[in-house]
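**Student:** Here is a sequence together with a model predicted from it:
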Amino acid sequence: MTGPLDGRVAVVTGGGSGIGRATVERFVADGARVVLADYADSAAGAAAEIDPSGARVVFQRTDVRHADQVDRAFQVAMDRFGRCDIAVNNAGVIAGGSLHEDDADDEFDQVWRVCVAGVWHGCRSAVARMRPNGGGVILNTASTAALWPTPAFPAYGLAKAAVVHLTRSLAAAYGRDGIRVNAVLPGPTRTGIFAAATGDLDMADLADLEQRYTATMSLGRMIEPEETASAFAYLASDAARSVTGAALQIDGGFRPGG
């Protein structure tokens, strides 16, 4: 029995943990082969856990701030699996606090290089492989921070809004080349990046913060990484063959302020 992504090849940046890892796992379950691209060397262990044989998942250490490293991950897909059908530009970081802080410019630069330049690099490398082969699917991880004020992390919100705009622009630019480009906007999700963004909170305080988030969500609970992975799997499949330029919210009805 074949899966909806049978025979497809994907590159997933930030694939070693959280939403990225859940997406790699889902793609493999749906029949795809995947280059798991991640900055952390520990992501090699994640790749081995997902696919001990190494036949379906290949780890490639990748710092998305550097175009050559991103392009190398896409070339690994071509060299190892012969094609590249799906790109998931998921690597991200939450930082970029108040403008009055001394390190505001450094924080902004970090967020912009990872969350915006990193997505740009992934889109560019994907288009270079997909156009000659008749098309493909590019999926970008944005955030509900693109839609709502983010007073604690204004640079992050700005970066994710830029990802949404880039997604829509590329969808318009490359649709006739058979390339669909969509963004997924997760809301508050139970991942390591969420925990890291909360700083030095202990478990009780972290649980309290989660409760405050869930109080603003129609479904009354945090989002799980696997739920966003399901959205990526749908958008990557032929079931979404007419969907491009979309910004799909996976947020449990998140509405800051109630």
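**Tutor:** Nice, I can see it. Residues are numbered from 1 along each chain as shown.
**Student:** How is the protein partitioned into domains?
**Tutor:** Domain ranges of the chain: 9-187+224-244, 189-222, per automatic domain parsing.
**Student:** Of the ones you listed, which shows the lowest average pLDDT?
**Tutor:** Of all the domains of the chain, mean pLDDT reaches its minimum on domain 189-222 (a mean of 63).
**Student:** Quick check: phi and psi on residue 36?
**Tutor:** Dihedral pair for residue 36: phi -90, psi 110, per degrees, to the nearest 10.
**Student:** center of the protein - which residue?
**Tutor:** In the chain, the C-alpha nearest the mean C-alpha coordinate belongs to residue 90, at 2.0 Å (Cα atoms, centre = their mean).
**Student:** In contact with that residue, which residues are there?
**Tutor:** 12-15, 19-20, 23, 140-141 (Cβ atoms under 8 Å, 6 or more residues apart in numbering). All C-beta spots, glycine's among them, are computed from the backbone N, C-alpha and C.
**Student:** Same list, those residues, but as a markdown table with neighbour count and distance to residue 156 please.
**Tutor:** Output for those, formatted as a markdown table (neighbours: other Cβ atoms under 10 Å; distance: Cβ to Cβ, whole Å):
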| residue | neighbour count | distance to residue 156 |
| --- | --- | --- |
| 12 | 32 | 21 |
| 13 | 31 | 17 |
| 14 | 29 | 15 |
| 15 | 33 | 20 |
| 19 | 29 | 15 |
| 20 | 29 | 17 |
| 23 | 31 | 20 |
| 140 | 26 | 15 |
| 141 | 26 | 12 |
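**Student:** These: which two are farthest apart?
**Tutor:** 15 and 140 (14.2 Å; Cβ to Cβ).
**Student:** Pull out the buried positions in stretch 244-258.
**Tutor:** 244-252, 254, 256 (16 or more other Cβ atoms under 10 Å).
**Student:** mind checking how far the residue nearest to residue 13 when sequence neighbours are not counted is from residue 182?
**Tutor:** Once flanking residues are discounted, residue 13 sits nearest to residue 91: 4.0 Å by Cβ to Cβ, 6 or more residues apart in numbering. In this view, residue 91 and residue 182 are 17 Å apart by Cβ to Cβ, to the nearest Å.
**Student:** And residue 117, by the same measure?
**Tutor:** 20 Å.
**Student:** CA atoms only for the helix ranked longest in the chain, dumped as PDB, please.
**Tutor:** Determined from DSSP state H, the single longest helix within the chain is helix 154-174. Extracted C-alpha coordinates of helix 154-174, given in PDB (Å, rounded to 0.1, in the frame of the first residue of the first chain):
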ATOM      1  CA  PRO A 154       9.000  42.300  18.100                       C
ATOM      2  CA  ALA A 155      11.800  41.200  15.800                       C
ATOM      3  CA  TYR A 156      10.400  37.700  15.800                       C
ATOM      4  CA  GLY A 157       6.900  38.900  14.800                       C
ATOM      5  CA  LEU A 158       8.500  41.100  12.100                       C
ATOM      6  CA  ALA A 159      10.500  38.100  10.700                       C
ATOM      7  CA  LYS A 160       7.500  35.800  10.600                       C
ATOM      8  CA  ALA A 161       5.400  38.400   8.800                       C
ATOM      9  CA  ALA A 162       8.200  38.700   6.300                       C
ATOM     10  CA  VAL A 163       8.000  34.900   5.800                       C
ATOM     11  CA  VAL A 164       4.300  35.100   5.000                       C
ATOM     12  CA  HIS A 165       4.800  37.900   2.500                       C
ATOM     13  CA  LEU A 166       7.700  36.000   0.800                       C
ATOM     14  CA  THR A 167       5.600  32.900   0.600                       C
ATOM     15  CA  ARG A 168       2.800  34.800  -1.200                       C
ATOM     16  CA  SER A 169       5.200  36.500  -3.500                       C
ATOM     17  CA  LEU A 170       6.900  33.300  -4.500                       C
ATOM     18  CA  ALA A 171       3.600  31.500  -5.000                       C
ATOM     19  CA  ALA A 172       2.700  34.200  -7.600                       C
ATOM     20  CA  ALA A 173       6.100  34.200  -9.200                       C
ATOM     21  CA  TYR A 174       6.500  30.400  -9.700                       C
END
